[in-house]
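> With the input below, show me the fold.
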Amino acid sequence: MYTKDNVVITLHINGEDREVVAKPSDILLYTLREQVGLTGTKPGCENGDCGACTVLIDDWPMKSCLMLTVEAVGKKITTVEGLNNASIQKAFVENFAFQCGYCTSGFLMVCHALAQYQPDANDDVIQQWLQSNICRCTGYEEIESAIKSILRKEI
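Presented below is the predicted three-dimensional model:
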């Protein structure tokens, strides 16, 4: 329903333009899930701590629970659905880097960006990047193994 507070905006998501209806207070997380149907972006803490909602904004990791939908206008948004079988996805499978899977999409986005921005990352840099997300099921060892396997291949 359109009201004076709702506006139709265009978002560039996973390589295509999508029209959505947004209020000034709508957050990107719920716009992606409820209006666009991209449910790989998960709600978790909803205050920026857990990282389950991480997407890429202009190729940089961003927690979509902290971003207003209107702030994403004119930016390139990539969700886990837009990775299109990226090497990090295969590495997560090969290294058993998930258990329940709830946090996996957020970790995939962070690791994908890390591989793009710092393909020569050392252990300290990897740990710094992974601190942005929380997994309650694994010990992070498998996630670190997955990203290291990608970095070795891309160097």
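> ranges for the helices of this structure?
28-30, 87-94, 104-117, 123-130, 141-154 (DSSP state H).
> Domain-wise, how is this structure divided?
The chain resolves into domains spanning 7-80, 83-154 when parsed by automatic domain parsing.
> Export those as JSON lines, with columns for mean neighbour count and mean pLDDT.
Bear in mind the C-beta positions are built from the backbone N, C-alpha and C, glycine included. JSON lines is the format used below for these (neighbours: other Cβ atoms under 10 Å; pLDDT from 0 to 100):
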{"stretch": "domain 7-80", "mean neighbour count": "18", "mean pLDDT": "97"}
{"stretch": "domain 83-154", "mean neighbour count": "17", "mean pLDDT": "93"}
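> quick one: the closest residue to T138 other than its chain neighbours and S145, what's the gap?
Nearest residue to T138 in three dimensions, chain neighbours excluded: Q99, at 5.5 Å (Cβ to Cβ, 6 or more residues apart in numbering). In this view, Q99 and S145 are 14 Å apart by Cβ to Cβ, to the nearest Å.
> contacting residues for G74?
G74 makes contact with H12, according to Cβ atoms under 8 Å, 6 or more residues apart in numbering.
> Check the spacing between it and S145 real quick.
To S145, G74 is 37 Å away according to Cβ to Cβ.
> if I look at the closest residue to S132 other than its chain neighbours, how far off is M62?
Nearest residue to S132, sequence neighbours excluded (Cβ to Cβ, 6+ apart): G51, at 5.2 Å. Distance of G51 to M62, computed by Cβ to Cβ: 10 Å.
> do the same with Q99
25 Å.
> Ok, A97 next?
If you go by Cβ to Cβ, the gap between A97 and M62 works out to 21 Å.
> Kind regards, and thank you for your time.
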